[in-house]
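>>> here is my input; please provide its structure:
(chains A, B, C and D)
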There are 2 protein chains.
Amino acid sequence: MAPPLYQVVMNTIVDRIASGSLPSGAMLPSETQLGAELGVSQGTARKALMELEARGLVQRVQGRGTFVTVRTPETSLFNFFRLRNPDGTLESPRLEWETVRRRAATPGERAELFGRPESVIEIERVRSLAQRPVTHEVSVVSAALFPGLADRVPLPNTLYVFYQQAYSVIIVRADERLSAQAVSEASAKALGVPAGTPVLEVRRRAIDVLDRVVELRSSQSLTDQHDYFVSVS
Amino acid sequence: MAPPLYQVVMNTIVDRIASGSLPSGAMLPSETQLGAELGVSQGTARKALMELEARGLVQRVQGRGTFVTVRTPETSLFNFFRLRNPDGTLESPRLEWETVRRRAATPGERAELFGRPESVIEIERVRSLAQRPVTHEVSVVSAALFPGLADRVPLPNTLYVFYQQAYSVIIVRADERLSAQAVSEASAKALGVPAGTPVLEVRRRAIDVLDRVVELRSSQSLTDQHDYFVSVS
DNA sequence: GAGTGGTCTAGACCACTTT
DNA sequence: AAGTGGTCTAGACCACTCC
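Below is the predicted model of the structure:
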C-alpha cells in the first residue's frame, strides 16, 4: 500500500521541477541535505536521485552536485528530431515557415490529449535540411494547457524547450507510429514534390513528466537524402 | 583505473551467460551466495544484479530469485519486430519462404560485421501478416561466427532465439535507419506489389551482449495496413 | 519455516570539483 | 580544506514464494 520512501522522495522532487520551483539547471540539495529535509537516510535520498538521473530528469556530477537537466535546442533536437545524414551526423533543420491557429478539437484529439480539450492550437511547419524542404509537420496542443500560445508567434524553433520555459510542461518521451506513404496533397504542396513521392509519415504522441499526453504531431518527411535513426532493445 | 567491484561482478555474470554456463532460464546464486563466492558484500552483489536486470539480461522476482532472461519467439518478436496493427496489438507474422546461401562478404559487410568476415551467410525471407506478404528482408551474418548455419535450413521463425540457443550469441539491441522508398525490384516481386509502391525500408545493425555487430539486416515492408511502433526519449 | 529479493539505515572511505 | 557524488560494507526488517 504505502509507496517506498525513495519513491516519495522522487515524487517530491518531480513536483518541484514540474511546478517550476526547481527550474532548469538549478542545483538540488545534496544527498545528505535532502535526506535530513525529508526525514530519510542519505542512502534513500541517493536512490531517489539515481532513479531520477536514469529517467533523464536530473544530471549528477561527482564533486559538483545534482542539477535539473537543462534542455537546450541542441539536446531537444538530438532526442526528438531523428532525421540524420547518411553518416549519422545531425544537421540542424531550418524553420521555413509556420502558421498557428486556434480551432475546435476533433473527437480523436479530445480523446487522446490530456484534459479532453474543447479547443486546440494547431502549429503547422515546414523544416529544411541543406537548403531543401524535407519535413511538413502539424502539431496540436490543448489551448487550455498553453494559454496565449497563439499570440506568441513566431514560436521558437524547438517547441519542447519553449513548452518547458514558458509553461513548465516538460516533454520526456514520445510514442511514434511510422509508415511509408505516398505524399499527401498538402505535404506535396508544402515540400514542392510531385504527387506519389514516397514519404515517411510519423504520428507522435508526446508525453510529459507527469505522464500526460500533451501534444499530437503528424509529419511527413522526404527520406531520399536522410534517414530516421532509432535504437531498439 | 581499477573498475568498481560491482562491475567486476557484472562482467563475471555476463561471461557466464555468454559462454553458456548460465543458460537461458537458469537461476543465479542469491545475492548473499554471489557475494560470498566473489568476495564482496551482499550489497555490492545486489547492485550488480540490479544493473543486469536494467539491461534486460536477467529477471528478478521477489521471493523466487534471479534468472537469466528467457527469450521466447514471443518476447523476441515483441522487441525486434515492430510492425503493429493500427490499434497497437502485435500479430504473429508467418514465414512464407526463405532461402539461405553462403557468399563472399562485400567490403561494407566486412567493415561493419564483427570479425571482418571474408565469407557470410545470407538469409532472405518473406513474412506475412493476415494472409498477405508484408515484409521482404535480407539478413547477413558472419559465416565464421555461425558455423554450419547454412546446413540447418529451414531455420526457426525467430532468428535471434536461434542464435542464442545454437550459438550462444545473444542479441540485446539494434540500431536502425528507416526511410520511405519506392519498392525495389526484388521486393516488388517478393511482395507481389506494383513498381512504385511506397515501402518502409529498415537497415538494421544487430548488436550482442558482448557489444559486437553480429548481423546486418535490410527489409522493406508494406505499411498501408500496419505501422512501425517506436518510443523515443 | 526457510529462502529469496525489496527497502532502509548508518557509517566508512575514495575521487573529484571548487574555493 | 570543504563539499559533492561514487563505492562498499554490515546489518536490520519486510514482503513474497515455495515447501
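
>>> what strand or helix carries residue A:14?
In the assignment (DSSP states H and E), residue A:14 maps to helix A:5-18.

>>> what are the contacting residues of that helix?
Contact with helix A:5-18 is made by A:3, A:22, A:28, A:34, A:38, A:40, A:44-45, A:47-49, A:51-52, A:57-58, A:68, A:168, A:170, A:209-210, as judged by Cβ atoms under 8 Å, 6 or more residues apart in numbering or on different chains. Where you see a C-beta, it was placed from the backbone N, CA and C, and this is true even at glycine.

>>> list the buried ones in it?
The neighbour-count check on helix A:5-18 (16 or more other Cβ atoms under 10 Å in any protein chain shown) flags A:5, A:6, A:9, A:10, A:13, A:14, A:17, A:18 as buried.

>>> and the last one, how far from residue A:167?
So that's residue A:18. Distance, residue A:18 to residue A:167, using Cβ to Cβ, to the nearest Å: 11 Å.

>>> output the next helix or strand after the helix holding residue A:14 as CSV - backbone C-alpha positions only.
Note on helix A:5-18: by DSSP H and E, the next helix or strand toward the C-terminus is helix A:31-38. Only the C-alpha atoms of helix A:31-38 are listed here, as CSV (Å, rounded to 0.1, in the frame of the first residue of the first chain):
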residue,chain,number,x,y,z
GLU,A,31,22.1,13.7,-0.7
THR,A,32,22.7,14.4,3.0
GLN,A,33,20.6,17.6,3.0
LEU,A,34,17.8,16.1,1.1
GLY,A,35,17.7,13.1,3.5
ALA,A,36,17.7,15.4,6.5
GLU,A,37,15.0,17.6,5.0
LEU,A,38,12.6,14.8,4.2
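
>>> now helix A:31-38: buried residues?
A:31, A:34, A:35, A:38.

>>> returning to that earlier point: what's the angle from the helix holding residue A:14 to helix A:31-38?
Calculated by axes from the mean of the first three to the mean of the last three Cα atoms, to 10 degrees, helix A:5-18 forms an angle of 90 degrees with helix A:31-38.

>>> mind checking if helix A:5-18 is in reach of DNA strand D?
No - applying Cβ under 7 Å from any atom of the strand, one finds helix A:5-18 separated from DNA strand D by no less than 11.6 Å.

>>> give me the buried positions along stretch A:201-214.
Per 16+ other Cβ under 10 Å, stretch A:201-214 contains these buried residues: A:201, A:202, A:204, A:205, A:206, A:207, A:208, A:209, A:213, A:214.

>>> turn those residues into TSV, columns for pLDDT, distance to chain B and secondary structure.
Putting the buried residues of stretch A:201-214 into TSV (pLDDT from 0 to 100; distance: Cβ to the nearest Cβ, whole Å; DSSP: H, G, I helix; E, B strand; the rest coil) gives the following:
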residue	pLDDT	distance to chain B	secondary structure
A:201	98	8	strand
A:202	98	9	strand
A:204	98	8	strand
A:205	98	10	strand
A:206	98	10	strand
A:207	97	9	strand
A:208	96	12	strand
A:209	94	11	coil
A:213	98	13	strand
A:214	98	15	strand
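
>>> closest one to DNA strand D out of those residues, please.
Lowest distance from DNA strand D to those (Cβ to the nearest atom of the strand) belongs to residue A:209, with 19.8 Å.

>>> for that closest one, give me its contacts.
A:14, A:17, A:18, A:57, A:170, A:172.

>>> lowest pLDDT pick from these?
In terms of pLDDT, residue A:18 ranks lowest among these, with 92.

>>> now do the strands in chain A.
Here chain A has its strands, by DSSP state E, at A:58-61, A:65-68, A:83-84, A:94-104, A:119-129, A:132-142, A:171-182, A:198-208, A:213-221, A:227-232.

>>> what values do phi and psi take at the closest residue in space to residue A:162 that isn't next to it in sequence?
For residue A:162, ignoring the flanking residues on the chain, the nearest one in space by Cβ to Cβ, 6 or more residues apart in numbering or on different chains is residue A:156 at 4.5 Å. When read as degrees, to the nearest 10, the backbone of residue A:156 gives phi -60, psi 160.
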